[in-house]
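> Predicted model, plus sequence, below.
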Amino acid sequence: QVSRAIAIARRTRSIILQNICLAIGTKALFIVLGAFGLVSMWGAVFADVGVALLAVLNSLRVFRD
């Protein structure tokens, strides 16, 4: 039981780190693109919402077991 809980916790932590890296990476990309005027504010908003949706869907992988 304890070993299974530890395995689930490690998998969950891995998915959390993936979600954080995806979100920060996307935000950094759109900050740079916005600074050069290559993307509008609406583009950044849609990208942010899209990344949030992907993070939620990625988090659902925890329940696959």
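Thanks, I have it.
> From the chain's centroid, how far away is the longest helix belonging to the chain?
Counting residues, the longest helix found in the chain (DSSP state H) is helix 2-35. The chain centroid and the centroid of helix 2-35 are separated by 5 Å under C-alpha atoms, centre = their mean, to the nearest Å.
> Skipping adjacent residues, who's closest to the spatially most central residue of the chain in space?
Central residue of the chain (C-alpha atoms, centre = their mean): N19, 2.8 Å from the mean position. Excluding its sequence neighbours, the residue lying closest to N19 (C-beta to C-beta, 6 or more residues apart in numbering) is A55, at 4.1 Å. (C-beta placed from N, C-alpha, C; glycine too.)
> what separates the one you found from V49, distance-wise?
11 Å (C-beta to C-beta, to the nearest Å).
> Those two: which is more packed in?
Between A55 and V49, A55 has the larger neighbour count (other C-beta atoms under 10 Å), namely 17 against 10.
> Now that one: which helix or strand?
Applying DSSP states H and E as the criterion places A55 in helix 41-59.
> Dump that helix to PDB, restricted to CA.
Backbone C-alpha positions of helix 41-59 (Å, rounded to 0.1, in the frame of the first residue of the first chain) are rendered in PDB as follows:
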ATOM      1  CA  MET A  41      -2.800  40.500 -26.600                       C
ATOM      2  CA  TRP A  42      -5.700  38.300 -27.800                       C
ATOM      3  CA  GLY A  43      -3.200  35.800 -29.200                       C
ATOM      4  CA  ALA A  44      -1.400  35.700 -25.800                       C
ATOM      5  CA  VAL A  45      -4.800  35.300 -24.000                       C
ATOM      6  CA  PHE A  46      -5.800  32.400 -26.300                       C
ATOM      7  CA  ALA A  47      -2.400  30.800 -25.800                       C
ATOM      8  CA  ASP A  48      -2.700  31.000 -22.100                       C
ATOM      9  CA  VAL A  49      -6.200  29.500 -22.100                       C
ATOM     10  CA  GLY A  50      -5.000  26.700 -24.400                       C
ATOM     11  CA  VAL A  51      -2.000  25.900 -22.100                       C
ATOM     12  CA  ALA A  52      -4.300  25.800 -19.100                       C
ATOM     13  CA  LEU A  53      -6.600  23.400 -20.900                       C
ATOM     14  CA  LEU A  54      -3.600  21.200 -21.900                       C
ATOM     15  CA  ALA A  55      -2.400  21.200 -18.300                       C
ATOM     16  CA  VAL A  56      -5.800  20.000 -17.100                       C
ATOM     17  CA  LEU A  57      -5.900  17.300 -19.700                       C
ATOM     18  CA  ASN A  58      -2.300  16.300 -18.900                       C
ATOM     19  CA  SER A  59      -3.200  16.100 -15.200                       C
END
